[in-house]
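>>> using only what follows, build the 3D model:
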Amino acid sequence: MNTIQAKQHLKKGFSDGLSVSFKLIKTIIPFYIAVDIINHTKIADSIGNILSPIMGIFGLSGKMSLALISGYTVNLYAAIAAMMPLHPTWKEVTIVGLMSGISHNLIVEGAILHKTGANAFFTITLRILVSFIAGVSLNLFFKVIYG
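Numbering: from 1, shown residues only. You can find the predicted model right below:
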């Protein structure tokens, strides 16, 4: 590879990197702002109180449901953006990350599965179930290891 080709590759890599960065920013900033606003209202407290018993099974606060739902419906970056204004612990970040990693972007992927002829309902249900099992298991593991 000569210097002209190297410059072309570098320029294309930089351009592609900027493009991906802007796509991520378009997801992350709106979710961060939305959750931060919700977090400063009684809505977040209501959601947290209602979902606290269910989220407690995973070792998460009720408000972490906002991050989990964001990850399930949109993508991992939305889950991360939704988590940050909630000031999660490292355990919550790890558990939400694992659960969202298993069951992320369910709406778009469900539509794709449906178009390919796969059983989207079964696949989505299985992914959610596996993420629940993984979340509970990781929470139990943390309790055994860290008390």
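>>> wait, residue 27 touches residue 81, no?
Yes - using CB atoms under 8 Å, residue 27 makes contact with residue 81 at a distance of 7.0 Å. Every residue, glycine included, has its C-beta placed from N, CA and C.
>>> looking at the two, which one has more neighbours?
residue 81 (26 against 17; other CB atoms under 10 Å).
>>> pull the number of nearby residues for the closest residue in space to the more buried one that isn't next to it in sequence.
Leaving aside its chain neighbours, residue 81 sits nearest to residue 31 (3.7 Å; criterion: CB to CB, 6 or more residues apart in numbering). A total of 24 residues lie near residue 31 under the criterion other CB under 10 Å.
>>> quick one: residue 31 from residue 116, how far?
Distance, residue 31 to residue 116, by CB to CB, to the nearest Å: 28 Å.
>>> do the same with residue 96
Distance from residue 96 to residue 116, by CB to CB: 29 Å.
>>> so for the two, which sits in the more crowded spot?
residue 96 (28 against 8).
>>> am I right that the more buried one is in contact with residue 69?
No - the criterion here is CB under 8 Å, and residue 96 misses it with residue 69 at 10.4 Å.
>>> so which elements touch the host helix or strand of residue 14?
If you go by DSSP states H and E, residue 14 is part of helix 3-39. When contacts are defined as 3 or more CB pairs under 8 Å, 6 or more residues apart in numbering; DSSP states H and E, helix 3-39 sits against helix 64-73, helix 76-83.
>>> tell me the angle it makes with helix 76-83.
Going by axes from the mean of the first three to the mean of the last three CA atoms, to 10 degrees, helix 3-39 is angled at 40 degrees with respect to helix 76-83.
>>> what is the mean pLDDT for helix 3-39?
Per-residue pLDDT over helix 3-39 has a mean of 86.
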